[in-house]
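fold the following and give me the result.
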Amino acid sequence: MPETLQAILDLLSYDPKAPLIFSSGLFLFLFLGFSLFFPLMRRRVMLRIFYVTLFSLYFYYKSSGLYVELLLLVATLDWGFARAMAMKRLQKCRGWVLAASLLINLGMLCYYKYTHFFIDIANQIYGQGFLEFRNIFLPIGISFFLFQSMSYTIDVYRRKIDPLTSWIDYLFFVSFFPVLVAGPIIRARDFIPQIRQNPLRVTKEMFGTAIFLIATGLFKKCVISDYISLNFVDRIFDNPLLYSGFENLMGVYGYALQIYCDFSGYSDMALGIALLLGFRFHKNFDSPYKSATITEFWRRWHISLSSWLKDYLYISLGGNRKGRFRQYLNLMLTMLLGGLWHGAAFRFVLWGGLHGVSLAIHKFVMSRFSSFKTVGAEMPRWRRIGGIVFTFHLVCFSWIFFRAGNMSVCKDMLHQIFTNFNFALIPQVIWGYSAIFALLVIGYLLHFTSEKWELGVQKFVISLPLVCKALILIVIIWFVMQIKSAEIQPFIYFQF
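Numbers count the residues shown, from 1 in each chain. Modelled structure (predicted):
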């Protein structure tokens, strides 16, 4: 009996080698237990807030251990700063209060994400051993909950929202477990009005949509993303010189699909779980590889981050209000900082720079040539198809720098693609990786299907009886268990 109890305690304790993620069996078990009692609190607002908050804090503890204390600190400080900005006697100091909040949040972000980056730069300039620092563990999701909290204090400062008087409500907002560790970045003005809704309602449409999103998210993450990553993409990027140019190119196409399925799969599951709890949020991805321009791509890719960067960085820098040159400069700075947000390495800065230059060039072309001002469905069909092909390959080119472990890998991969393509190997490669290529075709076909077809499938799932909806989830989970690897694959954006 003591051994069994110890095994249970070990399972429920934080394990740095196995952070809790949506696609794990343990999360399914914990969420089922959580869901048994949650419906009983439909009309008990305070009890529901405490219950969800405690589960959220435990969820983060299982993901990042004692760094849950950092989450509590952020929530407490920013709740206090926002309250201070509402005090009459501090109205003349509101700017300083906001500055203190941003300084603390950005200071935390820089410490945990960029300390080693700056130490490496110093050691390269002054010689190895000039500076030494102990290893710093990056808390999972720190960028997401810090950005979410900063948007709240900025909105309070801009008088777009009123500060919350209840600390537990703010902690609920910052720690809400479906979106805590990998987004989407939820705005306070969208979320806070929903916290105290009474009674809490989960309609048939919300429940059916949730099942659809969770099922599609699991399929994207566990069936497509994890399989092509472990069995093809990782091998190519680990040593591109061992593979032909065709295999390297397919590795790039594979990574483009992998990162989309991984991150949009997480977002789908997060939004689906939130719907099961009665909360509605905006979607985070909108078939981004259908984009005909790089500007359209950033309106479809990681929408919560791109809109955050636009509203709180690009517009704060001046946006397009101070002339065209300043607009192009602001785009570059925004994307360079966006690249640095993704990781403390030159290749991430280069990735952001490529997108910044591309956005600036597109804005310049639109300003000079009236025929290029038409966007979206208004574009001529031939130009839209050509734009989709061009934009997709531009994005794929930039993904090389995003994914590669270092600049040497980028160089080797580009060398193989452009000098050692080896057309004769193509049939052999396709046959040898038949399962991989089948998943690539399925993944891209599903991605490029019409929105009307996707909505039709979603409406069909909503119309099904409860038993059939449960059966869909069971089948997806069973299928995932059959093909998944022995080790749980963390979501890519956990590292950001």
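
show me this structure divided up by domain.
Structurally, the chain divides into domains by automatic domain parsing as follows: 16-195, 204-292+379-495.

now the last one: mean pLDDT?
Read it as domain 204-292+379-495. Model confidence over domain 204-292+379-495, given as mean pLDDT, is 89.

for residue 354, find the nearest of the domains of the chain.
Among the domains of the chain, the nearest to residue 354 by Cβ to Cβ is domain 204-292+379-495 (4.6 Å). In short, each C-beta sits where N, CA and C put it, glycine included.

kindly present the domains of the chain as JSON lines, with separate columns for distance to residue 315 and mean neighbour count.
Below are those laid out as JSON lines (distance: least, Cβ to Cβ, whole Å; neighbours: other Cβ atoms under 10 Å):
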{"stretch": "domain 16-195", "distance to residue 315": "11", "mean neighbour count": "17"}
{"stretch": "domain 204-292+379-495", "distance to residue 315": "19", "mean neighbour count": "18"}
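
let's have those in JSON lines, adding distance to residue 300.
Converted to JSON lines, the domains of the chain look like this (distance: least, Cβ to Cβ, whole Å):
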{"stretch": "domain 16-195", "distance to residue 300": "13"}
{"stretch": "domain 204-292+379-495", "distance to residue 300": "4"}
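
gap between residue 426 and residue 287?
28 Å (Cβ to Cβ, to the nearest Å).

can you check residue 256 too?
For residue 256, the distance to residue 287 - Cβ to Cβ - is 13 Å.

pull up the distance across stretch 86-93, start to finish.
Start to finish, the residues bounding stretch 86-93 are 11 Å apart (Cα to Cα, to the nearest Å).

now it: mean pLDDT?
The average pLDDT within stretch 86-93 is 85.

pull the distance from that stretch to the chain's centre.
Remark: stretch 86-93 is offset 36 Å from the chain centroid, using Cα atoms, centre = their mean, to the nearest Å.

which residues are in contact with it?
Residues from elsewhere that reach stretch 86-93, judged by Cβ atoms under 8 Å, 6 or more residues apart in numbering: 84, 97, 156, 162, 163.

what sits against the first one?
With contact set as Cβ under 8 Å, 6+ apart, residue 84 has these partners: 90, 97.

quick one, helices of the stretch 301-450 of the chain?
303-309, 324-342, 346-368, 381-403, 407-419, 426-432, 434-447 (DSSP state H, counting those that start in this stretch).

other SSEs contacting the first one?
This points to helix 303-309. Here helix 303-309 touches helix 142-157, helix 324-342, going by 3 or more Cβ pairs under 8 Å, 6 or more residues apart in numbering; DSSP states H and E.

looking at the ones you listed, which is closest to residue 465?
Closest to residue 465 of the helices and strands packed on helix 303-309 is helix 142-157 (Cβ to Cβ; 36.4 Å).

next, the angle from that closest one to helix 324-342.
Put simply, helix 142-157 runs at 130 degrees to helix 324-342, going by axes from the mean of the first three to the mean of the last three Cα atoms, to 10 degrees.
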